[in-house]
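A.B. asks: need coordinates for the following:
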Amino acid sequence: QVRLVESGGGLVQAGGSLRLSCAASGRTLSSNAMGWFRQAPGKEREFVAAINSGYSTYYRDSVKGRFTVSRDNAQNTVYLLMNSLKPEDTAVYYCAARNTGSVFTTPLNYDYWGQGTQVTVSS
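C.D. replies: The predicted structure follows:
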């Protein structure tokens, strides 16, 4: 059973930075695509960023140039570095894993999910 645990969320002022971590256990996920999603109150869960097994990265347009997704397979951990944060980035951020190495941007294509971590950006 794969378990994903996110950490690193918190309250930050606009323009600030946070780094989210997603630690996986139960299985090595070096061959798996990993994604970050977020969900704001009253909104659907949306794709933020992802990294495939070959280290290629993908981002939603609104975070390109500000967010960076990376992975450390030795630590079985994925990161999301978020710079120049904006109030509209406020949401619960979720880490997710697929059973294959290719990236998809829809939540339904992910097989494992973490519990989420709150990110709040004040103006």
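A.B. asks: tell me the phi and psi of the spatially most central residue of the chain?
C.D. replies: The centroid of the chain falls nearest to residue 36 when counting by C-alpha atoms, centre = their mean (2.4 Å). Main-chain torsions, residue 36, degrees, to the nearest 10: phi -120, psi 130.
A.B. asks: ok, it - contacts?
C.D. replies: By C-beta atoms under 8 Å, 6 or more residues apart in numbering, the contact list for residue 36 reads 20, 22, 47-50, 69, 78, 80, 93-96. C-beta here means a position set from N, CA and C on the backbone, and glycine is covered the same way.
A.B. asks: distance-wise, check the residue lying closest to residue 34 once chain neighbours are set aside relative to residue 123.
C.D. replies: Excluding the flanking residues, the one nearest residue 34 by C-beta to C-beta, 6 or more residues apart in numbering is residue 78, at 4.4 Å. Taken as C-beta to C-beta, to the nearest Å, the spacing of residue 78 relative to residue 123 amounts to 29 Å.
A.B. asks: of these two, give the one with the bigger neighbour count.
C.D. replies: The neighbour comparison of residue 78 against residue 123 (other C-beta atoms under 10 Å) goes to residue 78, with 29 against 9.
A.B. asks: give me the pLDDT value at residue 121.
C.D. replies: Looking at residue 121, its pLDDT reads 98.
A.B. asks: now it. Nearest residue, chain neighbours left out?
C.D. replies: residue 85 (4.6 Å).
A.B. asks: wait, residue 46 sits on residue 37?
C.D. replies: Yes. Using C-beta atoms under 8 Å, residue 46 is in contact with residue 37, at 6.3 Å.
A.B. asks: more neighbours: the two, which one.
C.D. replies: Using other C-beta under 10 Å, the more surrounded residue of residue 46 and residue 37 is residue 37, with 25 against 15.
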